[in-house]
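Asks: Provide a 3D model corresponding to the input given below.
(one chain, ligands or ions: 1)
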Amino acid sequence: MNMRTLFSIAMLFISVILNAQKFAGLAKTPPMGWNSWNKFACNVDEKMIREMADAMVSSGMKDAGYEYIVIDDCWQVSRDENGNIVPDPIRFSSGMKALADYIHAKGLKFGLYSCAGSKTCEGRPGGRGHEYQDARAYASWGIDYLKYDFCNTDAQKAEGAYKTMRDALYEAKRPIVFSICEWGSTEPWTWAKNVGHLWRTTSDIMNCWDCKVNWGGMGWTLILDKNEPLGKYAGPGGWNDPDILQAGNGVLTDVESRSHFTLWSLMAAPLISGNDLRSMTAAVKEILTNKEIIALNQDTLGKQGYRWWTLDGKIELWIKPLSNNDVALCFFNRSEEVKNIDFDWNRYFSNLNGKTYHVTDKMNVRDLWLKKIIGTTGNNLKAAIQPHDVLTVRLSK
Ligand code: GLA
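Replies: Numbers count the residues shown, from 1 in each chain. Got it, this is the predicted structure:
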(Lines give C-alpha, C1' and ligand atoms only; values in the text may rest on other atoms or scores of the structure.)
Protein backbone atom coordinates (compact mmCIF):
# COMPACT_ATOMS: atom_id res chain seq x y z
CA MET A 1 0.00 0.00 0.00
CA ASN A 2 1.55 3.33 -1.02
CA MET A 3 1.54 6.51 1.02
CA ARG A 4 -1.22 8.08 -1.03
CA THR A 5 -3.60 5.14 -0.43
CA LEU A 6 -2.74 5.13 3.26
CA PHE A 7 -3.40 8.86 3.46
CA SER A 8 -6.78 8.46 1.71
CA ILE A 9 -7.81 5.68 4.08
CA ALA A 10 -6.77 7.76 7.09
CA MET A 11 -8.73 10.78 5.80
CA LEU A 12 -11.80 8.64 5.22
CA PHE A 13 -11.50 7.23 8.72
CA ILE A 14 -11.16 10.71 10.24
CA SER A 15 -14.12 12.06 8.29
CA VAL A 16 -16.29 9.11 9.40
CA ILE A 17 -15.34 9.77 13.00
CA LEU A 18 -15.90 13.50 12.62
CA ASN A 19 -19.29 13.00 11.03
CA ALA A 20 -20.46 10.45 13.55
CA GLN A 21 -21.00 12.95 16.27
CA LYS A 22 -23.54 15.45 17.39
CA PHE A 23 -22.71 18.99 18.36
CA ALA A 24 -21.14 18.67 21.77
CA GLY A 25 -21.40 21.52 24.26
CA LEU A 26 -25.08 22.19 23.52
CA ALA A 27 -27.87 21.50 26.03
CA LYS A 28 -25.53 21.11 28.99
CA THR A 29 -28.66 21.86 31.00
CA PRO A 30 -32.19 20.99 29.79
CA PRO A 31 -33.24 23.24 26.86
CA MET A 32 -35.83 25.91 27.71
CA GLY A 33 -38.18 27.51 25.25
CA TRP A 34 -41.59 27.56 23.63
CA ASN A 35 -43.20 25.30 21.00
CA SER A 36 -46.29 26.01 18.90
CA TRP A 37 -47.85 22.52 18.83
CA ASN A 38 -49.86 22.19 22.05
CA LYS A 39 -51.75 25.44 21.61
CA PHE A 40 -51.74 26.16 17.87
CA ALA A 41 -51.26 22.80 16.07
CA CYS A 42 -51.20 23.70 12.31
CA ASN A 43 -52.39 27.25 12.81
CA VAL A 44 -48.92 28.82 12.66
CA ASP A 45 -47.77 31.95 10.83
CA GLU A 46 -44.97 34.48 11.05
CA LYS A 47 -47.06 37.20 12.71
CA MET A 48 -47.99 34.91 15.60
CA ILE A 49 -44.41 33.64 15.93
CA ARG A 50 -43.05 37.20 16.04
CA GLU A 51 -45.60 38.11 18.67
CA MET A 52 -44.60 35.06 20.66
CA ALA A 53 -40.97 36.13 20.54
CA ASP A 54 -42.01 39.62 21.70
CA ALA A 55 -44.04 38.10 24.54
CA MET A 56 -41.19 35.81 25.53
CA VAL A 57 -39.19 38.94 26.27
CA SER A 58 -41.90 41.24 27.69
CA SER A 59 -43.37 38.57 29.99
CA GLY A 60 -40.07 37.91 31.74
CA MET A 61 -39.80 34.39 30.28
CA LYS A 62 -36.52 35.22 28.56
CA ASP A 63 -35.08 36.61 31.81
CA ALA A 64 -36.17 33.41 33.53
CA GLY A 65 -34.08 31.39 31.06
CA TYR A 66 -36.38 30.50 28.14
CA GLU A 67 -34.49 30.70 24.90
CA TYR A 68 -35.87 28.70 21.94
CA ILE A 69 -38.93 29.66 19.87
CA VAL A 70 -39.82 26.47 18.00
CA ILE A 71 -42.33 26.17 15.16
CA ASP A 72 -43.71 22.66 15.12
CA ASP A 73 -45.47 20.94 12.18
CA CYS A 74 -47.11 22.72 9.22
CA TRP A 75 -44.68 25.55 8.37
CA GLN A 76 -43.67 23.63 5.20
CA VAL A 77 -45.85 23.04 2.14
CA SER A 78 -43.83 21.42 -0.65
CA ARG A 79 -40.46 20.94 -2.32
CA ASP A 80 -39.35 22.93 -5.36
CA GLU A 81 -38.04 21.40 -8.59
CA ASN A 82 -34.60 21.01 -6.98
CA GLY A 83 -36.00 19.27 -3.94
CA ASN A 84 -35.57 22.28 -1.64
CA ILE A 85 -38.06 22.48 1.20
CA VAL A 86 -40.56 25.33 0.73
CA PRO A 87 -42.08 27.17 3.70
CA ASP A 88 -45.74 28.16 3.35
CA PRO A 89 -45.48 31.28 1.11
CA ILE A 90 -48.64 32.83 2.53
CA ARG A 91 -48.19 32.17 6.22
CA PHE A 92 -44.42 32.76 6.16
CA SER A 93 -44.25 35.28 3.33
CA SER A 94 -41.06 36.95 4.61
CA GLY A 95 -39.22 33.61 4.65
CA MET A 96 -37.52 31.73 7.43
CA LYS A 97 -34.28 33.71 7.32
CA ALA A 98 -36.12 36.94 8.08
CA LEU A 99 -38.00 35.26 10.92
CA ALA A 100 -34.76 33.85 12.33
CA ASP A 101 -33.20 37.33 12.16
CA TYR A 102 -36.16 38.80 14.04
CA ILE A 103 -35.95 36.16 16.76
CA HIS A 104 -32.16 36.45 17.04
CA ALA A 105 -32.41 40.24 17.34
CA LYS A 106 -34.45 39.66 20.51
CA GLY A 107 -31.63 37.59 21.97
CA LEU A 108 -33.59 34.37 21.42
CA LYS A 109 -32.99 31.25 19.35
CA PHE A 110 -35.08 29.71 16.61
CA GLY A 111 -36.22 26.11 16.11
CA LEU A 112 -38.08 24.20 13.41
CA TYR A 113 -39.76 20.82 13.12
CA SER A 114 -39.36 18.13 10.50
CA CYS A 115 -39.76 14.39 10.32
CA ALA A 116 -37.62 11.36 9.46
CA GLY A 117 -40.34 9.89 7.25
CA SER A 118 -41.49 10.84 3.76
CA LYS A 119 -44.19 13.04 5.29
CA THR A 120 -44.63 14.74 8.66
CA CYS A 121 -47.39 13.63 11.02
CA GLU A 122 -49.63 16.28 9.44
CA GLY A 123 -48.78 15.15 5.92
CA ARG A 124 -46.31 17.90 5.02
CA PRO A 125 -43.07 17.00 3.18
CA GLY A 126 -40.75 15.00 5.46
CA GLY A 127 -36.97 14.84 5.51
CA ARG A 128 -36.45 11.32 4.14
CA GLY A 129 -33.88 11.37 1.33
CA HIS A 130 -33.37 15.14 1.73
CA GLU A 131 -31.52 15.17 5.05
CA TYR A 132 -28.32 16.90 3.89
CA GLN A 133 -30.17 19.35 1.68
CA ASP A 134 -32.56 20.25 4.51
CA ALA A 135 -29.75 20.58 7.04
CA ARG A 136 -28.00 23.03 4.70
CA ALA A 137 -31.21 25.02 4.31
CA TYR A 138 -31.74 25.14 8.10
CA ALA A 139 -28.15 26.28 8.63
CA SER A 140 -28.48 28.98 5.95
CA TRP A 141 -31.66 30.31 7.57
CA GLY A 142 -30.06 30.43 11.02
CA ILE A 143 -31.93 27.63 12.75
CA ASP A 144 -30.68 26.68 16.23
CA TYR A 145 -32.92 23.72 17.14
CA LEU A 146 -34.53 20.92 15.15
CA LYS A 147 -37.33 18.70 16.42
CA TYR A 148 -37.39 15.57 14.25
CA ASP A 149 -40.50 13.40 14.29
CA PHE A 150 -41.08 9.80 13.16
CA CYS A 151 -44.33 9.58 11.20
CA ASN A 152 -44.63 7.91 7.77
CA THR A 153 -41.37 6.05 8.16
CA ASP A 154 -42.45 2.65 6.72
CA ALA A 155 -39.56 0.25 7.37
CA GLN A 156 -37.03 2.91 8.39
CA LYS A 157 -35.08 2.10 11.55
CA ALA A 158 -35.21 4.94 14.06
CA GLU A 159 -31.61 4.81 15.20
CA GLY A 160 -30.25 4.86 11.64
CA ALA A 161 -32.67 7.56 10.51
CA TYR A 162 -31.73 9.86 13.39
CA LYS A 163 -28.02 9.23 12.87
CA THR A 164 -28.37 10.26 9.24
CA MET A 165 -29.99 13.55 10.24
CA ARG A 166 -27.44 14.08 13.00
CA ASP A 167 -24.61 13.66 10.49
CA ALA A 168 -26.35 16.00 8.06
CA LEU A 169 -26.70 18.70 10.72
CA TYR A 170 -23.12 18.23 11.74
CA GLU A 171 -21.92 18.59 8.18
CA ALA A 172 -23.96 21.77 7.72
CA LYS A 173 -21.74 23.20 10.49
CA ARG A 174 -24.27 25.34 12.35
CA PRO A 175 -24.62 24.20 15.97
CA ILE A 176 -28.19 22.92 16.20
CA VAL A 177 -29.84 21.25 19.19
CA PHE A 178 -31.25 17.98 17.86
CA SER A 179 -34.54 16.90 19.44
CA ILE A 180 -35.48 13.27 18.75
CA CYS A 181 -39.21 12.56 18.67
CA GLU A 182 -40.00 8.87 18.10
CA TRP A 183 -42.17 8.77 21.25
CA GLY A 184 -39.97 6.28 23.13
CA SER A 185 -40.91 3.48 20.74
CA THR A 186 -37.37 2.15 20.26
CA GLU A 187 -36.11 3.16 23.74
CA PRO A 188 -34.00 6.05 22.45
CA TRP A 189 -32.57 6.57 25.95
CA THR A 190 -30.45 3.46 25.22
CA TRP A 191 -29.00 4.72 21.92
CA ALA A 192 -29.55 8.46 21.53
CA LYS A 193 -26.93 9.90 23.86
CA ASN A 194 -24.53 10.46 20.98
CA VAL A 195 -27.24 11.21 18.45
CA GLY A 196 -29.44 13.95 19.88
CA HIS A 197 -29.60 16.32 22.83
CA LEU A 198 -33.07 15.24 23.98
CA TRP A 199 -35.36 12.37 23.13
CA ARG A 200 -39.08 11.99 23.68
CA THR A 201 -39.85 9.17 26.08
CA THR A 202 -43.60 8.89 25.53
CA SER A 203 -46.52 9.48 23.27
CA ASP A 204 -48.00 13.00 23.09
CA ILE A 205 -48.98 14.87 26.23
CA MET A 206 -52.68 15.75 26.41
CA ASN A 207 -54.13 18.81 28.09
CA CYS A 208 -55.45 17.01 31.18
CA TRP A 209 -54.48 15.49 34.50
CA ASP A 210 -54.69 11.76 33.65
CA CYS A 211 -56.85 11.26 30.54
CA LYS A 212 -55.91 8.80 27.80
CA VAL A 213 -56.79 8.77 24.11
CA ASN A 214 -56.88 5.67 21.94
CA TRP A 215 -53.85 6.53 19.79
CA GLY A 216 -51.68 6.78 22.90
CA GLY A 217 -51.81 10.43 24.00
CA MET A 218 -52.11 10.88 27.74
CA GLY A 219 -52.33 13.37 30.57
CA TRP A 220 -49.26 14.66 32.34
CA THR A 221 -49.43 12.47 35.46
CA LEU A 222 -49.35 9.32 33.28
CA ILE A 223 -46.42 10.74 31.30
CA LEU A 224 -44.72 11.44 34.62
CA ASP A 225 -44.91 7.76 35.60
CA LYS A 226 -43.42 6.64 32.30
CA ASN A 227 -40.56 9.12 32.34
CA GLU A 228 -39.61 8.70 36.00
CA PRO A 229 -37.78 5.34 35.78
CA LEU A 230 -35.44 6.59 33.02
CA GLY A 231 -33.40 8.92 35.20
CA LYS A 232 -30.11 7.12 34.84
CA TYR A 233 -30.03 7.88 31.11
CA ALA A 234 -30.29 11.66 31.52
CA GLY A 235 -27.44 14.08 32.02
CA PRO A 236 -25.66 17.11 30.56
CA GLY A 237 -26.01 17.03 26.77
CA GLY A 238 -28.72 14.32 26.64
CA TRP A 239 -32.14 14.56 28.32
CA ASN A 240 -35.29 12.49 28.63
CA ASP A 241 -38.08 14.55 27.08
CA PRO A 242 -41.56 13.94 28.53
CA ASP A 243 -43.00 16.46 26.00
CA ILE A 244 -44.08 20.09 25.86
CA LEU A 245 -45.69 21.63 28.94
CA GLN A 246 -49.47 21.95 29.05
CA ALA A 247 -49.37 24.48 31.92
CA GLY A 248 -51.58 27.46 31.13
CA ASN A 249 -53.55 25.79 28.35
CA GLY A 250 -56.86 26.19 30.06
CA VAL A 251 -57.89 22.76 31.35
CA LEU A 252 -55.44 22.20 34.18
CA THR A 253 -56.12 24.29 37.26
CA ASP A 254 -53.39 26.64 38.42
CA VAL A 255 -52.56 24.15 41.17
CA GLU A 256 -52.21 21.35 38.62
CA SER A 257 -50.15 23.53 36.28
CA ARG A 258 -47.87 24.34 39.19
CA SER A 259 -47.41 20.67 40.07
CA HIS A 260 -46.81 19.78 36.41
CA PHE A 261 -44.17 22.49 36.08
CA THR A 262 -42.50 21.53 39.36
CA LEU A 263 -42.25 17.85 38.47
CA TRP A 264 -40.97 18.56 34.95
CA SER A 265 -38.33 20.76 36.58
CA LEU A 266 -37.46 18.04 39.06
CA MET A 267 -37.13 15.45 36.30
CA ALA A 268 -34.60 17.65 34.50
CA ALA A 269 -37.03 17.70 31.58
CA PRO A 270 -36.68 20.25 28.80
CA LEU A 271 -38.88 23.17 29.86
CA ILE A 272 -40.70 23.93 26.63
CA SER A 273 -43.83 25.93 27.35
CA GLY A 274 -46.80 25.24 25.10
CA ASN A 275 -49.25 28.01 25.95
CA ASP A 276 -50.08 31.38 24.39
CA LEU A 277 -47.44 33.63 25.92
CA ARG A 278 -49.30 36.73 24.69
CA SER A 279 -52.25 36.17 26.98
CA MET A 280 -50.92 34.36 30.05
CA THR A 281 -52.72 34.98 33.31
CA ALA A 282 -50.64 36.38 36.15
CA ALA A 283 -50.83 33.00 37.89
CA VAL A 284 -49.49 31.08 34.87
CA LYS A 285 -46.74 33.63 34.34
CA GLU A 286 -45.72 33.28 37.97
CA ILE A 287 -45.58 29.50 37.58
CA LEU A 288 -43.53 29.46 34.39
CA THR A 289 -41.08 32.10 35.61
CA ASN A 290 -40.42 30.83 39.14
CA LYS A 291 -36.65 31.15 39.12
CA GLU A 292 -36.13 28.99 42.18
CA ILE A 293 -37.97 26.07 40.58
CA ILE A 294 -36.17 26.68 37.28
CA ALA A 295 -32.87 26.59 39.19
CA LEU A 296 -33.64 22.99 40.17
CA ASN A 297 -34.15 22.13 36.51
CA GLN A 298 -31.03 23.95 35.35
CA ASP A 299 -28.77 22.71 38.15
CA THR A 300 -25.40 21.90 36.60
CA LEU A 301 -25.17 18.48 38.23
CA GLY A 302 -27.81 17.46 35.70
CA LYS A 303 -29.40 14.66 37.76
CA GLN A 304 -32.95 13.67 36.95
CA GLY A 305 -35.08 13.66 40.10
CA TYR A 306 -36.92 10.49 41.10
CA ARG A 307 -39.81 9.28 43.19
CA TRP A 308 -38.27 8.19 46.44
CA TRP A 309 -41.36 6.70 47.94
CA THR A 310 -45.06 7.10 48.42
CA LEU A 311 -46.49 8.11 51.79
CA ASP A 312 -49.97 7.29 52.92
CA GLY A 313 -50.91 5.79 49.56
CA LYS A 314 -51.17 9.06 47.67
CA ILE A 315 -48.42 11.49 48.67
CA GLU A 316 -45.34 10.97 46.60
CA LEU A 317 -41.99 12.16 47.80
CA TRP A 318 -39.65 13.19 44.99
CA ILE A 319 -35.98 13.94 45.35
CA LYS A 320 -33.50 15.78 43.16
CA PRO A 321 -29.84 15.89 44.18
CA LEU A 322 -28.28 19.27 43.38
CA SER A 323 -24.81 20.72 43.18
CA ASN A 324 -23.07 21.86 46.40
CA ASN A 325 -24.76 19.02 48.29
CA ASP A 326 -28.09 20.82 48.18
CA VAL A 327 -31.12 18.69 47.58
CA ALA A 328 -34.69 19.39 46.48
CA LEU A 329 -37.70 17.51 47.82
CA CYS A 330 -41.20 17.63 46.47
CA PHE A 331 -44.23 16.24 48.26
CA PHE A 332 -46.87 15.65 45.57
CA ASN A 333 -50.45 15.03 46.65
CA ARG A 334 -52.05 12.93 43.90
CA SER A 335 -55.22 12.39 45.90
CA GLU A 336 -58.51 14.27 45.92
CA GLU A 337 -58.16 15.12 49.64
CA VAL A 338 -56.04 17.48 51.67
CA LYS A 339 -53.10 15.53 53.09
CA ASN A 340 -51.29 16.48 56.26
CA ILE A 341 -47.65 15.64 56.52
CA ASP A 342 -45.47 15.50 59.63
CA PHE A 343 -42.08 14.67 58.24
CA ASP A 344 -39.29 13.68 60.60
CA TRP A 345 -36.00 14.52 58.90
CA ASN A 346 -33.97 12.44 61.38
CA ARG A 347 -36.01 9.36 60.72
CA TYR A 348 -36.20 9.55 56.97
CA PHE A 349 -33.45 11.71 55.75
CA SER A 350 -30.19 10.58 57.33
CA ASN A 351 -29.45 8.05 54.62
CA LEU A 352 -30.83 9.05 51.30
CA ASN A 353 -30.00 6.91 48.32
CA GLY A 354 -26.72 5.78 49.84
CA LYS A 355 -25.71 9.33 50.68
CA THR A 356 -25.70 10.42 54.27
CA TYR A 357 -27.09 13.86 55.00
CA HIS A 358 -26.16 15.05 58.45
CA VAL A 359 -29.46 16.41 59.54
CA THR A 360 -27.92 17.40 62.83
CA ASP A 361 -26.06 20.03 60.79
CA LYS A 362 -29.46 21.62 60.42
CA MET A 363 -29.93 22.35 56.80
CA ASN A 364 -32.26 25.22 55.94
CA VAL A 365 -35.60 24.24 54.46
CA ARG A 366 -36.76 26.76 51.87
CA ASP A 367 -40.23 26.56 50.35
CA LEU A 368 -39.71 27.35 46.66
CA TRP A 369 -43.29 28.41 45.99
CA LEU A 370 -43.66 30.53 49.14
CA LYS A 371 -40.11 31.73 48.41
CA LYS A 372 -39.06 31.72 52.04
CA ILE A 373 -37.24 29.58 54.59
CA ILE A 374 -39.83 27.67 56.58
CA GLY A 375 -37.58 25.90 59.07
CA THR A 376 -34.59 23.64 59.41
CA THR A 377 -34.08 19.92 59.35
CA GLY A 378 -33.89 20.13 63.15
CA ASN A 379 -37.69 20.16 63.31
CA ASN A 380 -40.36 18.08 61.65
CA LEU A 381 -41.81 19.54 58.47
CA LYS A 382 -45.52 19.95 59.04
CA ALA A 383 -47.87 21.02 56.30
CA ALA A 384 -51.30 20.54 54.78
CA ILE A 385 -51.02 19.84 51.07
CA GLN A 386 -54.06 20.56 48.91
CA PRO A 387 -55.35 17.98 46.39
CA HIS A 388 -53.08 17.78 43.30
CA ASP A 389 -50.70 20.31 44.85
CA VAL A 390 -47.02 20.14 45.70
CA LEU A 391 -44.87 21.27 48.58
CA THR A 392 -41.41 21.86 47.17
CA VAL A 393 -38.41 22.61 49.32
CA ARG A 394 -34.71 23.09 48.84
CA LEU A 395 -32.33 22.04 51.58
CA SER A 396 -29.06 23.87 51.88
CA LYS A 397 -26.54 24.67 54.55
C1 GLA B 1 -46.32 14.15 16.69
C2 GLA B 1 -45.43 14.69 17.80
C3 GLA B 1 -46.03 15.97 18.36
C4 GLA B 1 -46.20 17.00 17.24
C5 GLA B 1 -47.02 16.42 16.11
C6 GLA B 1 -47.02 17.32 14.89
O7 GLA B 1 -47.55 13.74 17.19
O8 GLA B 1 -45.28 13.74 18.82
O9 GLA B 1 -45.23 16.49 19.40
O10 GLA B 1 -44.92 17.38 16.79
O11 GLA B 1 -46.52 15.15 15.70
O12 GLA B 1 -47.71 16.77 13.82
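Asks: how about the most centrally placed residue in the chain, phi and psi?
Replies: Ranked by distance to the mean C-alpha position of the chain (C-alpha atoms, centre = their mean), the top residue is P270 at 2.0 Å. P270 has phi and psi values of phi -50, psi 130 when expressed as degrees, to the nearest 10.
Asks: tell me the pLDDT at it?
Replies: Reading off the per-residue confidence, P270 sits at a pLDDT of 99.
Asks: ok, now D344?
Replies: At D344 the predicted local distance difference test score is 86.
Asks: same question, the one 10 residues further on
Replies: What the model reports for G354 is a pLDDT of 54.
Asks: got it, and the one 4 residues further on?
Replies: The pLDDT attached to H358 in the predicted structure is 50.
Asks: kindly report the residues of the stretch 201-350 of the chain close to the ligand.
Replies: By C-beta under 6 Å from any ligand atom, the residues of the stretch 201-350 of the chain that approach the ligand are D204. (Each C-beta comes from the backbone N, C-alpha and C, glycine too.)
Asks: K371: what's it in contact with?
Replies: Under the criterion of C-beta atoms under 8 Å, 6 or more residues apart in numbering, the neighbours of K371 are E292.
Asks: on that earlier part again, just to check, the residue nearest to the centre of the chain is in contact with R200?
Replies: No: contact criterion C-beta atoms under 8 Å: P270 and R200 do not qualify, at 9.8 Å.
Asks: what's the overlap in contacts for those two?
Replies: Overlap between the neighbourhoods of P270 and R200 consists of S179, D241, taking contacts as C-beta under 8 Å, 6+ apart.
Asks: the helices in the stretch 201-350 of the chain, which residues?
Replies: Residue ranges of the helices in the stretch 201-350 of the chain, as given by DSSP state H, counting those that start in this stretch, are 220-227, 254-266, 282-288, 291-297, 345-348.
Asks: please apply the same query to the stretch 1-150 of the chain.
Replies: All helices of the stretch 1-150 of the chain, identified by DSSP H, counting those that start in this stretch, fall at 3-19, 37-40, 46-58, 61-64, 96-105, 131-141.
Asks: and those helices: which comes nearest L252?
Replies: helix 37-40 (11.5 Å; C-beta to C-beta).
Asks: any idea which helix or strand in the chain has the lowest mean pLDDT?
Replies: Among the helices and strands of the chain, strand 355-356 carries the lowest confidence by mean pLDDT, DSSP states H and E, at a mean of 56.
Asks: after that one comes which helix or strand?
Replies: For strand 355-356, the succeeding helix or strand toward the C-terminus, using DSSP states H and E, is strand 364-367.
Asks: weakest of the helices of the stretch 201-350 of the chain in terms of mean pLDDT?
Replies: Across the helices of the stretch 201-350 of the chain, helix 345-348 has the smallest mean pLDDT, namely a mean of 76.
Asks: need the contact list for G313.
Replies: Contact analysis of G313 by C-beta under 8 Å, 6+ apart lists S335.
Asks: so L368 makes contact with K291?
Replies: No: the pair L368 / K291 is not scored as a contact, 9.4 Å apart, by C-beta under 8 Å.
Asks: of these two, which one has the most company?
Replies: Shown here are L368 and K291; by other C-beta atoms under 10 Å, L368 has more neighbours (22 against 13).
Asks: thinking again about what came up before, could the helices of the stretch 201-350 of the chain be laid out in a markdown table, adding distance to G238?
Replies: As requested, the helices of the stretch 201-350 of the chain are arranged in a markdown table below (distance: least, C-beta to C-beta, whole Å):
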| stretch | distance to G238 |
| --- | --- |
| helix 220-227 | 14 |
| helix 254-266 | 17 |
| helix 282-288 | 24 |
| helix 291-297 | 15 |
| helix 345-348 | 32 |
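Asks: winner for burial among these?
Replies: Between those, the one whose residues have the most neighbours on average, counting mean count of other C-beta atoms under 10 Å, is helix 254-266 (a mean of 24).
Asks: in the stretch 251-397 of the chain, what residue is nearest the ligand?
Replies: G274 (9.4 Å; C-beta to the nearest ligand atom).
Asks: next up, phi/psi of that residue, please.
Replies: Given degrees, to the nearest 10, the pair of backbone angles that G274 has is phi -130, psi 30.
Asks: surely it touches K39?
Replies: Yes: counting by C-beta under 8 Å, G274 sits close enough to K39 to count as a contact (5.8 Å).
Asks: quick one: common contacting residues for those two?
Replies: Common neighbours of G274 and K39 (criterion: C-beta under 8 Å, 6+ apart): N249.
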